[in-house]
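Asker: Turn this into a structure:
(2 chains)
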Amino acid sequence: MRIEVIMERCEGHGICAELAPDAYSLDDEGYVVFAHDGGEVPPSAQAAAAAGARACPVAALLVREA
Amino acid sequence: MTHTAPATDLDLFEAYDREYRLEQYRELRSTGEVHYLERHDVYAITGYDAVKTALADHDTFISGAGVAFTDPVNQIIRGTTLASDPPEHDQLRTVVATGLQPRAVRGRSGEIGEQARKVVAAALEKEDIEGVSDLAQAMPLSVIPDFLGLPERNRDRLFEWAQGGTDNLGPASERTPHNNEMSRCIAEFTIELAERREFSSGSLGAEVIAAADAGRIPQEKCPVLLIDYLGPSLETTATAIGHLLVTFAEHPEQWQILRDEPALVSSAINELVRYESPIRGFTRVTSSETELCGVALPAGARVWTLLASANRDERKWERPDEFDVRRNPLDHLAFGYGTHGCAGQGVARIELHALFHALLESVERIELTAAPTIAENSMLNTWARIPVRLVAEGSAR
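Answerer: Sure, this is the predicted structure:
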């Protein structure tokens, strides 16, 4: 599983980081930083990463099943 | 397997009562997520998954043909961010949303907290208050007009205009002539503001004018973008605060939980707007023949994405009709979802946060002194009058 991060859509609401702090954080400017960006999400982190992505209010994070 | 949407002659606009509307949603959800409303020639989307899927797929479920029920109103809102599609939408949204984003407004939270304490202190000075004007509207009114850089005139009319404009997004009703008048007032005001460039410096309104001067948006777009600000920025937050008063008056044990554990405020905000979604939902039009959660939809169909029903969907939520401040339903749909998700939710959260904390600091109980009156509005779920008493901490009463 991968998470597609659409940076142009991120508005910094921070819901992902609140829900799944191990997978998502916000940088100094308040934009999302995904811990497994560009790569396969390890199985142990998949549930949290997917939950954080689904809660993004502006659909900036999309779950891509391999 | 794909099937056609069951047709129903249910009239989702025949009543304003919250419970009645929730019962209608429940009835629809019991036989599927998508129904054809014969009376309005519109498909009602009531399931959480279906609403979220439709809102995420903005290429198939477009906003450019308007998000209202009727053609005349879709003409009025043409060109707003709300009623446009990418790529034009994204360009407009950048101008409107940038100044509203959490990172842009975080610096104002101290100031907003100060306003919240003043609003609560003024309400506590009176024995009984009318919750809508004295608290629900007073809070955003103390923050948003200055933030937008509006002149003093017409500030007191912004709620009435927004209520009429939002009601107008529903089917034609006996209120339509009045609502058209409200829409005309707000349109004329924004044209006047853009022409006279009446915004205080550093405000969001001034930034819209600056974006046009810099050629990032056409000059003639300024008034409609200002409607994007003026329309939803005050009334929706006031609506949520009205629900805060009534819901916690009806669930005093939940207020006590929050008083004991103020860290739950963020969770309580999400639960409040899930439980009492301020906006019932807007419409979209299908750009091609499609399928939504197993239901076939023709091209050019108008669909109504019912956020208020999705937020009570028993397939998504455990105990959906229970108000529980510990729930923290982060993926509720009260602010919509996807590319048209509420651009002002960051500011709204800060305002609600500030008000919750100001109330928790000094108010032991919220008590209704008479039954509140629901507003007659097709698209908003909002209270018109809330006779209420804030019982101060340590009060003898």
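Asker: list the contacts for the residue of chain A found nearest chain B?
Answerer: Shortest chain A-to-chain B distance, computed as Cβ to the nearest Cβ: residue-wise this is A:Gly30, at 3.3 Å. From N, CA and C alone the C-beta is placed, and that goes for glycine too. Contacts for A:Gly30 were tallied using Cβ atoms under 8 Å, 6 or more residues apart in numbering or on different chains; they are A:Gly12, A:Gly14, B:Gln101, B:Pro102, B:Arg103, B:Arg106.
Asker: Is the second one in contact with A:Leu26, as I believe?
Answerer: Yes: under the criterion of Cβ atoms under 8 Å, A:Gly14 lies in contact with A:Leu26, with a separation of 5.6 Å.
Asker: Report the buried residues of stretch B:168-180.
Answerer: Going by neighbour count (16 or more other Cβ atoms under 10 Å in any protein chain shown), the buried part of stretch B:168-180 is B:Asn168, B:Leu169, B:Gly170, B:Pro171, B:Arg175, B:Thr176, B:Asn179, B:Asn180.
Asker: Using PDB, write out the CA atom coordinates for that stretch.
Answerer: The C-alpha trace of stretch B:168-180 is given here as PDB (Å, rounded to 0.1, in the frame of the first residue of the first chain):
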ATOM      1  CA  ASN B 168     -32.100  29.700  -1.800                       C
ATOM      2  CA  LEU B 169     -29.900  26.800  -2.700                       C
ATOM      3  CA  GLY B 170     -32.800  24.500  -2.000                       C
ATOM      4  CA  PRO B 171     -36.000  24.000  -4.200                       C
ATOM      5  CA  ALA B 172     -38.200  27.000  -4.900                       C
ATOM      6  CA  SER B 173     -40.500  27.800  -1.900                       C
ATOM      7  CA  GLU B 174     -42.700  30.500  -0.600                       C
ATOM      8  CA  ARG B 175     -39.500  32.200   0.700                       C
ATOM      9  CA  THR B 176     -37.900  32.400  -2.800                       C
ATOM     10  CA  PRO B 177     -38.800  36.000  -3.500                       C
ATOM     11  CA  HIS B 178     -37.400  37.100  -0.100                       C
ATOM     12  CA  ASN B 179     -34.300  34.900  -0.600                       C
ATOM     13  CA  ASN B 180     -33.700  36.400  -4.100                       C
END
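Asker: ok, residues contacting that stretch?
Answerer: Residues lying outside stretch B:168-180 but in contact with it, judged by Cβ under 8 Å, 6+ apart, are B:13, B:40, B:67-70, B:72-73, B:76-77, B:164-165, B:167, B:182-183, B:282-283, B:376-379.
Asker: related to what we said a few turns ago, mind listing which of the contacts of A:Gly30 are in helices?
Answerer: With DSSP state H as the criterion, helices contain B:Pro102, B:Arg103 from among the contacts of A:Gly30.
Asker: Please spell out the ChimeraX selection for the buried subset of the contacts of A:Gly30.
Answerer: Paste this into ChimeraX to select the buried members of the contacts of A:Gly30, with burial taken from 16+ other Cβ under 10 Å:
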select /A:12,14 /B:101,102,103
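Asker: element containing whichever residue of the stretch 151-300 of chain B sits closest to chain A?
Answerer: Among the residues of the stretch 151-300 of chain B, B:Ser266 lies closest to chain A, at 7.4 Å counting by Cβ to the nearest Cβ. For B:Ser266, the enclosing helix or strand under DSSP states H and E is helix B:265-275.
Asker: which residues in chain A form strands?
Answerer: When secondary structure is read from DSSP state E, chain A shows strands at A:2-5, A:24-26, A:32-34, A:61-64.
Asker: can I get those in CSV with distance to chain B?
Answerer: Listed next are the strands of chain A as CSV, based on distance: least, Cβ to the nearest Cβ, whole Å:
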stretch, distance to chain B
strand A:2-5, 12
strand A:24-26, 8
strand A:32-34, 11
strand A:61-64, 8
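Asker: ok, and the closest non-adjacent residue to residue 50?
Answerer: By default, I'm working from chain A. A:Val63 (5.1 Å; Cβ to Cβ, 6 or more residues apart in numbering or on different chains).
Asker: actually chain B
Answerer: When the adjacent residues along the chain are set aside, B:Ala50 lies closest to B:Glu33, with 3.9 Å between them (Cβ to Cβ, 6+ apart).
Asker: Would you pull up how far stretch B:370-385 lies from the middle of the chain?
Answerer: For stretch B:370-385, the separation from the chain centroid amounts to 14 Å (computed by Cα atoms, centre = their mean, to the nearest Å).
Asker: Now do stretch B:343-363, average pLDDT.
Answerer: In this model, stretch B:343-363 carries a mean pLDDT of 96.
Asker: on that earlier part again, list the residues that contact the residue of the stretch 151-300 of chain B closest to chain A.
Answerer: Under the criterion of Cβ under 8 Å, 6+ apart, the neighbours of B:Ser266 are A:Glu18, B:Asn328, B:Arg349, B:His353.
Asker: count of neighbours near residue 39?
Answerer: If you meant another chain, say so; for now it's chain A. A:Gly39 has 10 neighbours, counted by other Cβ atoms under 10 Å in any protein chain shown.
Asker: that's the other chain; I wanted chain B
Answerer: 13.
Asker: dump the residue contacts of it.
Answerer: Under the criterion of Cβ under 8 Å, 6+ apart, the neighbours of B:Arg39 are B:Asp9, B:Leu10, B:Asp11.
Asker: ditto for B:Phe147
Answerer: Applying Cβ under 8 Å, 6+ apart, the residues near B:Phe147 are B:Arg108, B:Ser203, B:Leu204, B:Val347.
Asker: Tell me which of those has the lowest pLDDT.
Answerer: Lowest in pLDDT among the contacts of B:Phe147 is B:Arg108, which has 90.
Asker: OK, contacts around that residue?
Answerer: By Cβ under 8 Å, 6+ apart, the contact set of B:Arg108 is B:Phe147, B:Ile350.
Asker: State the distance from it to chain A.
Answerer: 14 Å (Cβ to the nearest Cβ, to the nearest Å).
Asker: one step back: now go through the buried residues of stretch B:168-180 and say which are in helices.
Answerer: Using DSSP H, the buried residues of stretch B:168-180 in helices are B:Thr176, B:Asn179, B:Asn180.
Asker: start to end distance for stretch B:129-139?
Answerer: For stretch B:129-139, the separation between the terminal residues is 14 Å (Cα to Cα, to the nearest Å).
Asker: Kindly apply the preceding question to stretch B:300-310 instead.
Answerer: Across its full length, stretch B:300-310 reaches 23 Å end to end, with Cα to Cα as the criterion.
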